[in-house]
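Peer 1: Give me a 3D structure for the following:
(one chain, ligands or ions: 1)
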Amino acid sequence: MRDEVALITGGARGIGKAIALRFAQEGYKVAVCDLASKCDDVVQKIKDKGGQALGLSCDITDPLMVKEMIDQIIAAFGRLDVLVNNAGIAQDNLLPRISDEEWLQTINTNLTGTFYCTRAAIRPMLKQKKGRIINISSVVGLRGNAGQSHYAASKAGIIGFTKAIAREYGSRGITANAVAPGYIQTDMTAHLPKEYWKDILNSIPLKRPGTPEDIAGVVAFLASADAAYITGQVIAVDGGLM
Ligand code: NAD
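Peer 2: Sure thing, here's the model as predicted:
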């Protein structure tokens with residue numbers, strides 16, 4: 001075990017779960033948060049392999065819950081070194097059909113949730129004079145996607161936010177980077193019809209969808225000592241799609 005502590009939001013399944021398991025494998029103490037008690041399975045998996053894990057029920061759109069979550073992590077582990085803002089939702093709709101609620105839900109979860117978690121996590125990182133913030137954006141935030149204007153806006157917002165934080169806290173030993181996944185096989189993309197996948201695969205030079213582990217490896221690299229001189233970057237992990 002190492003001393004460092006990593007928090008992964010939305011870590012109950014998909015990309016977040018793969019990131020949590022990867023960090024545990026690398027010896028981090030892992031805090032995993034997700035909506036109501038969803039983290040039990042991933043926490044058990046980590047403990048079964050001899051790792052240390054803390055599962056937290058937290059809706060990242062609630063600033064009070066987020067603050068309490070960070071307090072709980074500090075109480076349990078004494079520090080917080082890595083924040084992975086992974087929790088997110090995707091909704092598909094054409095612009096005229098996007099309701100105010102749908103727009104706000106997407107922005108509140110993906111962008112405002114990332115803000116709440118980063119704002120709360122920055123204090124212990126400033127005390128430690130060391131921290132890594134890794135935000136999960138999307139290639140959709142870089143290039144747009146028809147039927148996902150709200151999702152694209154939230155993911156592009158994450159990129160601007162990441163670059164601002166990188167400039168604001170570089171001098172305090174804190175780096176901030178974004179990872180922009182392409183099409184990754186998770187529950188989020190499971191509903192896409194076969195024909196759509198066929199078209200997507202045609203436009204991906206590596207001719208396969210990504211796996212959650214493809215993303216976890218890059219996130220682990222950005223948290224590692226090898227990435228000490230990287231900040232303010234957006235790394236597309238998309239099989240060449242961009
Ligand atoms: P997923 O739907 O499988 O998992 C997302 C997790 O976030 C779920 O466990 C969910 O409960 C949690 N979550 C949602 N709202 C939350 C909230 N308010 N508070 C706490 N937890 C919440 O999705 P995934 O495919 O694993 O995606 C993870 C991240 O990667 C998301 O930010 C997504 O936008 C991004 N991404 C995914 C893809 C892809 O192809 N799957 C591509 C690009 C970017």
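
Peer 1: Point to the residue nearest the middle of this structure.
Peer 2: Computing the C-alpha centroid of the chain and ranking residues by C-alpha atoms, centre = their mean puts Asn86 first, at 1.8 Å.

Peer 1: Wait, that residue touches Thr9, no?
Peer 2: Yes: taking contacts as C-beta atoms under 8 Å, Asn86 lies within contact range of Thr9: 5.3 Å. C-beta coordinates here come from the backbone N, C-alpha and C atoms, glycine included.

Peer 1: For these two, list the residues in contact with both.
Peer 2: Counting by C-beta atoms under 8 Å, 6 or more residues apart in numbering, the contacts common to Asn86 and Thr9 are Gly16.

Peer 1: Spell out which residues belonging to the chain are near the ligand, please.
Peer 2: The chain comes close to the ligand at residues 9-10, 12-16, 34-35, 38, 58-61, 86-90, 109, 113, 136, 138, 181, 183-184, 186-189, as judged by C-beta under 6 Å from any ligand atom.

Peer 1: run the last query once more with 5 Å
Peer 2: Residues of the chain lying near the ligand by C-beta under 5 Å from any ligand atom: 10, 12-15, 34-35, 59-61, 86-88, 109, 136, 138, 181, 183-184, 186-189.

Peer 1: and these, which of them are in helices?
Peer 2: 14-15 (DSSP state H).

Peer 1: Only the buried subset of the residues of the chain next to the ligand, as a PyMOL command please.
Peer 2: Buried members of the residues of the chain next to the ligand, defined by 16 or more other C-beta atoms under 10 Å, are picked up in PyMOL with:
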select buried, resi 10+12+13+14+15+34+59+60+61+86+87+88+109+136+138+181+183+184+186+188+189
